[in-house]
Each structure stands twice: as C-alpha cells, then as structure tokens.
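Visitor: Build the 3D model from these lines:
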Amino acid sequence: MSELLTQEEIDSLLSAAARGTVSEATQTTPAHAKRHFTRYDFRRPNRRSKEQLQALQMLHDRFAKRMGSSLSPLLRTLVEIQPTLVEQMSYAEYIATVAYPACLGIFGMRPLKGGALVELHPRLIFYMIERLLGGTGRSLDMVRELTEIERALVSKLFKRILEDLHGAWSRVSSFEFDLLNLEVNPGFLQLTGPADMVILIGFDVKMGEVEGIMTLCFPFSMLEPIIPNLSLRRWIAGHREEEDQSGSTEIAQAVPSINIKIRALLGSIPLSIHELSFLNPGDIIRMEKGPQSLGVLEVEGVPKYVVKVGTSNRKRAVQIVAAISEGGSTHGVHH
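Guide: Now for the predicted structure:
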C-alpha cells in the first residue's frame, strides 16, 4: 500500500482541519514510523575507544616496571607496582575522591598544552621520606601537610617518577616531562573544567611492608593531539620490536662477562687401573705423539678446534689451525 496521499485525501484533511474535526487517530504516527532513541548523557561523553584505553594500559604497565626498578635501589627495599584500572570520568568526579591533605604532583608534557597530575597516598609519601632520611620505613599513617624539607624530598621523588614516565611514553612520542607544582589541597587545583573528562590510571604500590595507591590523571583535552598514536595494534607491534631489541642488547652486554671453560688436549694414552695405581709424582708418561703433533681444543667439553702447540710471550699456547664441525670433520680457518 502506498504511503503517499492522493490529492482527494489531502483536500479532505485540509477541510477537516479547517472545521476542527480531525480525529486523534488521524494525527497518530503509524506504528511502523515510530523511532527508538537511546538516552545520551552529555556530562559523561565516552570520547576514548576501548582500544585506546587498552593501549594506555599497556603503556603504563611498562611505566610500572620502570618505576619499581628505579625506586627499589633508591629506597633500599623492594618496590612492587601493579596497574589496576584505566577509567574515564569527569574531573569533578575524580577530584571529589581526593582527600585533604593530599600529595599531588602537577606536571607538563611539552609540547602538549595543559597539565596532568600524579597522586600518591600519604602513607607511601611518608614511608619514602623516612627511607630517604635513613629510617627503617615503619608504617606511618600521618595526616598532615608536608614541611619545607619534606616538600623538597617529595619534589625529587616526583621528578624521578617523571623520568620513568618519560621512558614509558617515548614509544608514543618525544615529550619533555616537567614538575610544575606540588599541591596538598585538591580544592585549589584547577587542572581542567569540572565537567571535562579525564583518564585515570590507577596502581597498587607496595614498598616493603607498606601498601598504598597511586593515580595518574590526564585531561582528555591534553591528550587530544596524540590520540591517533594510541593505536593498540601499533603499540603491540612497537612493544614486540622493543622487546626483541632489548633482549638482543641484554645478550650482547652479557656476553663479555660470561666465563667459559676451554682446554687443550695434546694426546691420550690408555692405562689400566693396575698401571695407574703405581704412578708417582715425577714419573714420565710417554705419549704416542711427537712435538709437532696436533691437539684438540675443547670448549665446555665439546671439541671445537684442531690446534698446534707452541709458546707465546714465554707462555705455553696453542694456535688454531682448523675448526671441527658437528659431524667431526675439520676445515681450515683464518686466525
């Protein structure tokens, strides 16, 4: 059935409307024309894809490992850091969860505009301060603002953390991380607009016997220019390439310090147990080889080279004349 009205039907409707006799049924939208709408909350726009959040999580997995390795020798104790969440919420919602007094480090990522922050639980802060000052690092549940000396120490700690962040973010782009300020009152901090969205990355931190949380907060507006670089596929490919390069580098660095056992076998002679029992210091055992005979050089018990015996700088030495293949055959080598 056609959905278009004939001219006669149009004239009839116009006449009925002029008389005010159009029925409610006539005005009702047909069932097949009804549309279904999904409610959208403009206060919580989901502006980052799941793939981008996963790429951020992988990036900060790397950061957690770097930070743990960096702080452990500094604090003279094992530091374990485990990423726990990557979330999106409004800045007002996040800042409402931060208690006073807090320990917030505001930092920049030049050339990106704006600032981000790192929040460390006060229990962790006072533990690190005591360790840096030579203390035992007992659990301290203090609730107070930092002294000037403590602020100086915390600034150095935050700068160390930013160095680890710099290393982790180098896969995305080259940024200059700068500590801009330390803040204890979250109410005084205007990182971005209250309704603006931020990305939170949370971590569980364990230092010795003390545990606490650490949070990174990035405004969406700050990360906007580099969003195309937060591709999960691109990050995984780069991560694998980096692991391969890192593994090769570690092997290359380790090879010079590896000790291997080599020995030169100049010959052998069969002896019975009876003959062996009569040997004494100073006895001469005649070999079946002459002075110019060749020997074998073993590396970790495996025959590798045919060698000639001689001297070098008044010390006994061997000269490699051929390599021994796995099948036992030999071929000449240059030396």
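Visitor: What is the subsequent helix or strand relative to the helix or strand of the chain with the lowest mean pLDDT?
Guide: Every helix and strand in the chain was compared by mean pLDDT, DSSP states H and E; the lowest is helix 24-27, with a mean of 48. Heading C-terminal from helix 24-27, the first helix or strand you meet, by DSSP states H and E, is helix 50-75.
Visitor: Relative to residue 287, how far out is residue 305?
Guide: 20 Å (C-beta to C-beta, to the nearest Å). Where you see a C-beta, it was placed from the backbone N, CA and C, and this is true even at glycine.
Visitor: do the same with residue 207
Guide: For residue 207, the distance to residue 287 - C-beta to C-beta - is 65 Å.
Visitor: If you count surrounding residues, which of those two has more?
Guide: residue 207 (22 against 11; other C-beta atoms under 10 Å).
Visitor: Identify the residues contacting the nearest residue to the more buried one once chain neighbours are set aside.
Guide: Spatial nearest neighbour of residue 207, chain neighbours left out: residue 79 (5.1 Å); criterion: C-beta to C-beta, 6 or more residues apart in numbering. Contacts for residue 79 were tallied using C-beta atoms under 8 Å, 6 or more residues apart in numbering; they are 67, 68, 71, 72, 205, 206, 207.
Visitor: pLDDT weak spots in the protein?
Guide: Low-confidence regions of the chain, defined by pLDDT under 70, span residues 1-4, 17-18, 20-49, 137-141, 231-259, 288-292, 300, 326-335.
Visitor: Name the residue closest to the centre of it, please.
Guide: Centroid-nearest residue in the chain: residue 62, 0.5 Å away (criterion: C-alpha atoms, centre = their mean).
Visitor: if I look at that one, how far off is residue 229?
Guide: Counting by C-beta to C-beta, the gap from residue 62 to residue 229 is 15 Å.
Visitor: again with residue 158
Guide: The gap separating residue 158 from residue 229 is 25 Å, by C-beta to C-beta.
Visitor: Looking at those two, which one has more neighbours?
Guide: Of the pair residue 158 and residue 229, residue 158 is the one with more neighbours under other C-beta under 10 Å, namely 21 against 14.
Visitor: So that one sits against residue 182, correct?
Guide: Yes - in this structure residue 158 lies within contact range of residue 182 using C-beta atoms under 8 Å: 7.3 Å.
Visitor: Now list whatever residues contact both of the two.
Guide: Residues touching both residue 158 and residue 182 by C-beta under 8 Å, 6+ apart: residue 105.
Visitor: Quick one: the strands in the protein, in order.
Guide: Taking DSSP state E, the strands of the chain run over residues 79-90, 104-110, 116-120, 176-183, 197-207, 210-219, 262-265, 294-299, 302-312, 315-324, 330-332.
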